[in-house]
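K.L.:
just coords:
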């Protein structure tokens, strides 16, 4: 991660919801839709803003949606789904989107997705789509999606805006979902304090903060599941610019004690 | 969790840093120190504010600090520490503060703390203390600490302020630390969307959000490790009042696939 030039925060941070009216459909320009939404709300993007978007609108715009009626579940998916009262077609998609099963027990399927994220059902989701007839997959390459959105915003606005694509993941040991960054552009997702000294001159050992995930969580507070607010702007957070990359947030399997 | 009356967010959220000057010492009134800090910054607490404090100042005020020179490590701690270049006294404290070892491998010690939290080294920490001579433990009962602070604020200010005590935890599969709530008072830490319907009438299945952790993360963006800002106010987040309890955030071992 190199030597960070991230400055300690002194000012306040604002999280500004960006409500988007109407459904996002395959082929829609997400950039255009978000700029229209901002205009309606009389919001103006500023240099250093961080735009956080729920992955679902990215997937929808990119057409990463599957009609469940087109999915033919395998015998294994059928058996698993029947046993736990699940939709076998969704289980089938989850397995197809995975490159490895991490746990499959008690009706819970934790996989490593094609991208390397470890989450339930490979991130396949049927809520907030169209009444349960379609499933939304994770974007094919969320870092690329974030970078594209950032590039388009820069072209239209002539200013630098960082972009985070987020999803809600569960986690071991703790109840409830929290947002995580699955795509990152224009901001360094980790802030490395190692080797720096605290106020007492004590070297900070193991302090690397996953600020992209913390930003996704802050955004999650306004991007309510039921509120038609699939995006928000985080303003006032001083960050280190970089190409980004949510891949940096994935712990290599060899360093992971829980796979 | 019962039926929530949490309303979808429409407004913005603000995260207001609360810098505290001078060291917090055992016996200090955290409430008085925070109110002094707020006064200096001309900040006024408002009804519905959420105060987030890093656990370290809570532990310090409560005297949950140990002089490392007083710690006699066991043979096992010495062996483990020598093997990985660690401080055996810190390893010893981590083991003493634990009720179960979850993983101990490659120099990483993941325990279940006396409270039930699963984290590295039982949350024992030597950074930001006094140059490495003392270790800070987690508060004895962080929910009680949060409730006490909330009660004192209410007494002084005559308004309801929710309180979250936070710490930085690592997690499996992902790099970097994020803040989590280890003590919660006055706010329901989980928002349960199960049984509600999304904008398409589709019932939301597994959607319980750990909003106390998301609030802790939002706070973590301003409570910088090096910035002398051990607390902040989150304003504008509409939440359901309850007695709280970070214990609700702990997944019971029997439902957990990763212990």
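P.N.:
Ah, there it is. This one's a predicted model, so the numbers in the text were calculated from it and none came from an experiment.

K.L.:
let me see the contact set for residue A:242.
P.N.:
For residue A:242, the contact set (CB atoms under 8 Å, 6 or more residues apart in numbering or on different chains) comprises A:186, A:187, A:188. Backbone N, C-alpha and C define where each C-beta goes, glycine included.

K.L.:
check whether the strand or helix carrying residue A:176 comes near chain B.
P.N.:
Assessed by DSSP states H and E, residue A:176 sits inside strand A:174-185. Yes. Strand A:174-185 is in contact with chain B by CB under 8 Å from any CB of the partner chain, via A:174, A:175, A:176, A:177, A:178, A:179, A:180.

K.L.:
tell me how many other residues crowd the first one.
P.N.:
By the measure other CB atoms under 10 Å in any protein chain shown, the count of residues near residue A:174 is 21.

K.L.:
so residue A:31 sits in a helix?
P.N.:
Yes. Checked against DSSP: H, G, I helix; E, B strand; the rest coil, residue A:31 lies within a helix.

K.L.:
could you report the pLDDT at it?
P.N.:
pLDDT recorded at residue A:31 is 98.

K.L.:
contact partners for it?
P.N.:
A:149, A:152, A:153, A:156.

K.L.:
then residue A:95?
P.N.:
A:74, A:76, A:77, A:101, A:109, A:111, A:122.

K.L.:
tell me where chain A has strands.
P.N.:
Taking DSSP state E as the test, the strands found in chain A are A:13-18, A:50-54, A:65-67, A:98-105, A:108-113, A:118-120, A:134-136, A:162-171, A:174-185, A:191-192, A:208-209, A:231-235.

K.L.:
from the stretch 51-200 of chain A, which residue is nearest to chain B?
P.N.:
residue A:176 (2.9 Å; CB to the nearest CB).

K.L.:
for the stretch 101-250 of chain A, which spans come out with low pLDDT?
P.N.:
A:127-132, A:195-206, A:225-227 (pLDDT under 70).

K.L.:
domain map for chain A?
P.N.:
What automatic domain parsing lists as the domains of chain A is A:14-64+A:139-249, A:73-135.

K.L.:
residue B:55 is nearest to which of those?
P.N.:
When the domains of chain A are compared by CB to CB, domain A:14-64+A:139-249 sits nearest residue B:55, at 14.8 Å.

K.L.:
how far does that closest one sit from the chain's center?
P.N.:
7 Å (CA atoms, centre = their mean, to the nearest Å).

K.L.:
can you check stretch A:115-126 too?
P.N.:
11 Å.

K.L.:
and the contacts of residue A:31, which are buried?
P.N.:
A:149, A:152, A:153 (16 or more other CB atoms under 10 Å in any protein chain shown).

K.L.:
how about the helices of chain A, start to end?
P.N.:
All helices of chain A, identified by DSSP state H, fall at A:30-40, A:55-62, A:75-84, A:88-96, A:142-157, A:211-220.

K.L.:
give me the most central residue, chain A.
P.N.:
residue A:166 (1.8 Å; CA atoms, centre = their mean).

K.L.:
got the contact list for that one?
P.N.:
A:52, A:53, A:54, A:55, A:179, A:180, A:181, A:182, A:216, A:219, A:220, A:223.

K.L.:
let me know the closest of these to residue B:69.
P.N.:
Proximity of these to residue B:69 (CB to CB) peaks at residue A:180, which lies at 40.8 Å.

K.L.:
who wins on neighbours among the contacts of residue A:95?
P.N.:
Neighbour max across those (other CB under 10 Å) = residue A:122, 27 neighbours.

K.L.:
quick check: pLDDT value at the residue nearest to residue A:167 when sequence neighbours are not counted.
P.N.:
Setting aside the residues directly before and after it, residue A:167 is nearest to residue A:55 in space (CB to CB, 6 or more residues apart in numbering or on different chains), at 4.6 Å. pLDDT for residue A:55: 96.

K.L.:
I'd say residue A:55 and residue A:142 touch.
P.N.:
Yes. Using CB atoms under 8 Å, residue A:55 makes contact with residue A:142 at a distance of 6.4 Å.

K.L.:
picking up where we left off before, now the residue nearest to the centre of chain A: closest residue in space, sequence neighbours ignored.
P.N.:
Closest to residue A:166 by CB to CB, 6+ apart is residue A:216, at 3.9 Å.

K.L.:
which residues are in contact with the one you found?
P.N.:
Contacts of residue A:216 by CB under 8 Å, 6+ apart are A:52, A:164, A:166, A:179, A:180, A:181.

K.L.:
give the bridge partners for the third one, please.
P.N.:
This means residue A:166. residue A:54, residue A:181 (DSSP bridges).

K.L.:
on that earlier part again, okay, now the residue nearest to residue A:167: neighbour count?
P.N.:
Neighbourhood size, residue A:55 [other CB under 10 Å]: 28.

K.L.:
from the residues of strand A:174-185 next to chain B, which would you call buried?
P.N.:
Looking at the residues of strand A:174-185 next to chain B with 16+ other CB under 10 Å, the buried ones turn out to be A:174, A:175, A:176, A:177, A:178, A:179, A:180.

K.L.:
columns distance to residue A:105 on top of the helices of chain A, output as TSV?
P.N.:
Formatted as TSV, the entries for the helices of chain A read as follows, by distance: least, CB to CB, whole Å:
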stretch	distance to residue A:105
helix A:30-40	37
helix A:55-62	26
helix A:75-84	10
helix A:88-96	14
helix A:142-157	27
helix A:211-220	26
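
K.L.:
out of those, which one sits most buried?
P.N.:
helix A:211-220 (a mean of 30; mean count of other CB atoms under 10 Å in any protein chain shown).

K.L.:
between that helix and strand B:231-235, how many degrees?
P.N.:
For helix A:211-220 against strand B:231-235, the angle by axes from the mean of the first three to the mean of the last three CA atoms, to 10 degrees is 40 degrees.

K.L.:
between strand A:50-54 and helix A:211-220, find me the angle.
P.N.:
70 degrees.
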